[in-house]
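**Student:** Requesting a structural model of the entry that follows:
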Amino acid sequence: MVAMLLAGCGSGDDQAARSTTSTTVRPTSSTTARVAPSTTAGATTAPLPALPGAAPADDVRALVTTTGVVLPVLGPADAGGHRVRTPCGRAATVAGGTPLVGATVVLDPGHGGTEPGAIGANGLREADLNLTVARLAAERLRAAGAAVVLTRTADVRVTLPTRALLATRLRPRAFVSVHHNADPDGPADQPGTETWHQSTSAESRRLAGLLQEELVAAFAEYEGVAWQADTDAGAKSRRNARGQDYYGVLRDSAGVPAVLTEALFLSNPPEAELLARREVQTVEADALARGIARFLTTDDPGSGFVDAYPRATPAGPGGGGTGCVDPPLG
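**Tutor:** Prediction:
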């Protein structure tokens, strides 16, 4: 759910004209099915294929501070250390830490700190869920040999420009911003997963289609869930009034194949209960890892592509630096 992390990100909660897509929205029913896994849901997944590490580089592109904060590096500082962009988007000089010269994959757990994102009826915070899923996906990818960097490793606020700058500095082969949704159009007969891709990037579109395939297939294994969805659920893109990518994290990371995933609707109580289960968090992370691995190792085109219906909602204030307080950097 990106409504609170905008600066060019929208939540899709307006009720403008809809396009016909592969997800069928059912008439509202007063009966909510009990969440129950099928016999195969959560089964152990096969190992991923061997994945490439980071490409060698001569300069430091990012830095993990001694306090665990991941920062994009702008260059060396005159007095030693590195010139960096802070989580709140400020310039700073940092000494020490662990330098990073590149990455195969950058995973971006959406929201964090004073921007919690969506909050389920069960109290599950999207920011926490995003971070848990991203960490689990990173473990899977690293076990297969990929160099993976997370844009945040704790519950801290990070502006959209800083997140995107980490991607453009590290030059990964895939950049995935992990989110969970809110404000659906209505009940549906299948998971309402959405993956947003860059509007002019064929590789971003392919990555979105592969993640859409894997996520929907993984969640569909759970039976008896009262799913909710937007009528244009699928892999899609959206532009702003200037013809640019609407979502700031996709727009500002141009040049790197980037995708924003909205796995399920945290605002839907049955889905929130599902997402609170560690098994389901692992299933989601495995699906993300499989989709990324397929993107890196195959020419699979992906599927589930749709045209997004027009959204009239302008960009909100989230994701910027106003009121942002940087964590200790060392």
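
**Student:** quick one: contacts for Thr200?
**Tutor:** Each residue near Thr200 by C-beta atoms under 8 Å, 6 or more residues apart in numbering is listed here: Asp245. Using the backbone N, CA and C atoms, a C-beta is placed for each residue, glycine as well.

**Student:** How is it assigned, secondary-structure-wise?
**Tutor:** coil (DSSP: H, G, I helix; E, B strand; the rest coil).

**Student:** So for it, what's the pLDDT?
**Tutor:** Thr200 is assigned 98 on the pLDDT scale.

**Student:** any idea how far it is from Pro87?
**Tutor:** For Thr200, the distance to Pro87 equals 28 Å [C-beta to C-beta, to the nearest Å].

**Student:** Next: Val60.
**Tutor:** With distances taken as C-beta to C-beta, Val60 is found 18 Å from Pro87.

**Student:** Comparing these two, which shows the higher neighbour count?
**Tutor:** Set Val60 next to Pro87 and count neighbours by other C-beta atoms under 10 Å: Pro87 wins out with 25 against 18.

**Student:** Tell me the spacing between that one and Gly318.
**Tutor:** According to C-beta to C-beta, Pro87 stands 14 Å off from Gly318.

**Student:** Over to Val306?
**Tutor:** From Val306 to Gly318 the distance is 25 Å (C-beta to C-beta).

**Student:** More neighbours: which of the two?
**Tutor:** Between Val306 and Gly318, counted using other C-beta under 10 Å, the more crowded position is Gly318 (23 against 20).

**Student:** Following element in sequence after the strand or helix carrying Ala134, please.
**Tutor:** Assigned by DSSP states H and E, Ala134 falls within helix 126-143. Next in sequence after helix 126-143, counting helices and strands by DSSP H and E, comes strand 148-150.

**Student:** what's the helix or strand just after that next one in contact with?
**Tutor:** Beyond strand 148-150 in the direction of the C-terminus, DSSP H and E gives the next helix or strand as helix 160-170. Contacts with helix 160-170, where a contact means C-beta under 8 Å, 6+ apart, come from 5, 7-9, 54, 61-62, 70-73, 85-89, 100, 102-103, 106, 108, 149, 151, 175, 177, 248-249, 251-256, 258, 319-320.

**Student:** got it, and stretch 54-62?
**Tutor:** With C-beta under 8 Å, 6+ apart as the test, stretch 54-62 has contacts from 70-73, 75-76, 82, 99-104, 147, 149, 166, 169-172.

**Student:** what's the neighbour count on Asp59?
**Tutor:** If we define neighbours as other C-beta under 10 Å, then Asp59 has 11 of them.

**Student:** Give the next helix or strand downstream of the worst-scoring helix or strand of the chain on mean pLDDT.
**Tutor:** Least confident helix or strand of the chain, by mean pLDDT, DSSP states H and E, is strand 36-37 with a mean of 48. Note on strand 36-37: by DSSP H and E, the next helix or strand toward the C-terminus is strand 62-64.

**Student:** All the strands of the stretch 151-300 of the chain, residue numbers only.
**Tutor:** Counting by DSSP state E, counting those that start in this stretch, the stretch 151-300 of the chain has these strands, from start to end: 174-181, 186-187, 194-197, 222-223, 228-229, 235-236, 258-265.

**Student:** The contacts of helix 160-170 in helices, which ones?
**Tutor:** Per DSSP state H, helices hold the following members of those: 248-249, 251.

**Student:** Any regions of the stretch 1-150 of the chain where pLDDT drops low?
**Tutor:** Counting by pLDDT under 70, the stretch 1-150 of the chain contains low-confidence ranges at 1-44.

**Student:** quick one: Arg61 from Leu170, how far?
**Tutor:** The spacing between Arg61 and Leu170, counted by C-beta to C-beta, is 5 Å.

**Student:** what about these two, which has more around it?
**Tutor:** Leu170 (27 against 20).

**Student:** Give me the pLDDT value at Arg242.
**Tutor:** Per-residue confidence at Arg242 stands at 92 (pLDDT).

**Student:** er, Gly319 actually
**Tutor:** Confidence for Gly319, expressed as pLDDT, is 90.

**Student:** didn't it look like it was pressed against Arg157?
**Tutor:** No - using C-beta atoms under 8 Å, Gly319 is not in contact with Arg157; the gap is 9.3 Å.

**Student:** what is in contact with these two at once?
**Tutor:** Glu115.

**Student:** Next, Ala308: secondary structure please.
**Tutor:** For Ala308, the secondary-structure state derived from three-state DSSP is coil.

**Student:** Count residues in the vicinity of it, would you?
**Tutor:** 21.

**Student:** cool, and Gly255?
**Tutor:** Gly255, neighbours per other C-beta under 10 Å, totals 10.
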